[in-house]
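Engineer: can't give you the sequence, but here's the structure:
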């Protein structure tokens, strides 16, 4: 697969079939979609088969709004290749995800990234050790936005 | 230092502080708890994800 194609997928520059999308205002200078992050309980079924954001299994508690928080995505996807056969496209939100002064008493272990502009379509699922929060903050620090560590990678081998 | 708790903002000198961490291939996580007597009144968690989600493909050959 061509390396450039992978980042272009992230940018929505190809359309192989008919698709229903929310308008990005301009075809030649489209706006960036809004990404969001929602937290899920340890009992929830959120995984690679998840296609869209759901309230089922989402955490609830003081100062947590259903749907989660907006993800800062100021850095566009990047692609690079180190050889004729090995390339990677990658993307990492440009700021930590922080839920401030929340109380989430039921254990949670999953965050779902999804595209709230495009009908809440799911992007990726990330898991961590089971946690609760009491009158405190929960933050997810993003990895470095590099070919090997970025949060989301599309790679050829 | 004032700490946000379930009982409102409290000076940390009145509270017992407990900290912990987990470091594995998937995450580096730290948490801070404040206890008042035997009651948990504050818990903050910070997670640094280590593993990207990756879709691998290969160069096609015929």
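Structural biologist: Perfect, I can see it now. Fair warning: this is a prediction, and the values are worked out from it, not measured in the lab.

Engineer: contacts, neighbours, all on C-alpha from now
Structural biologist: Fine.

Engineer: tell me the centre residue of chain B?
Structural biologist: Nearest to the mean C-alpha position of chain B, by CA atoms, centre = their mean, lies residue B:45 at 2.2 Å.

Engineer: That one reaches residue A:139, doesn't it?
Structural biologist: Yes - judged on CA atoms under 8 Å, residue B:45 makes contact with residue A:139 at a distance of 6.5 Å.

Engineer: who's in contact with the lowest-mean-pLDDT helix or strand in chain A?
Structural biologist: None of the helices or strands of chain A scores lower by mean pLDDT, DSSP states H and E than helix A:3-10, at a mean of 78. With CA atoms under 8 Å, 6 or more residues apart in numbering or on different chains as the test, helix A:3-10 has contacts from A:14, A:77-81, A:87-90, A:154-156.

Engineer: if you set the cut-off to 6 Å instead, what comes out?
Structural biologist: Under the criterion CA atoms under 6 Å, 6 or more residues apart in numbering or on different chains, residues A:77-79, A:87, A:89 lie in contact with helix A:3-10.

Engineer: With pLDDT, neighbour count and secondary structure added, can I get those in JSON lines?
Structural biologist: Compiled in JSON lines, the contacts of helix A:3-10 are given as follows (pLDDT from 0 to 100; neighbours: other CA atoms under 10 Å in any protein chain shown; DSSP: H, G, I helix; E, B strand; the rest coil):
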{"residue": "A:77", "pLDDT": "87", "neighbour count": "20", "secondary structure": "coil"}
{"residue": "A:78", "pLDDT": "87", "neighbour count": "21", "secondary structure": "strand"}
{"residue": "A:79", "pLDDT": "86", "neighbour count": "22", "secondary structure": "strand"}
{"residue": "A:87", "pLDDT": "84", "neighbour count": "24", "secondary structure": "strand"}
{"residue": "A:89", "pLDDT": "87", "neighbour count": "27", "secondary structure": "strand"}
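
Engineer: Farthest-apart pair in those residues, please.
Structural biologist: Largest separation among the contacts of helix A:3-10 by CA to CA: A:77 and A:87, giving 13.4 Å.

Engineer: Chain B contacts on chain A?
Structural biologist: Within chain A, the positions near chain B by CA under 6 Å from any CA of the partner chain are A:1, A:133-141, A:149-157.

Engineer: Try it again at 8 Å.
Structural biologist: By the rule CA under 8 Å from any CA of the partner chain, the part of chain A lying against chain B is A:1, A:85, A:101, A:124, A:126, A:128, A:131-143, A:149-157.

Engineer: Can you list which of these are found in strands?
Structural biologist: A:101, A:124, A:126, A:128, A:131-141, A:152-156 (DSSP state E).
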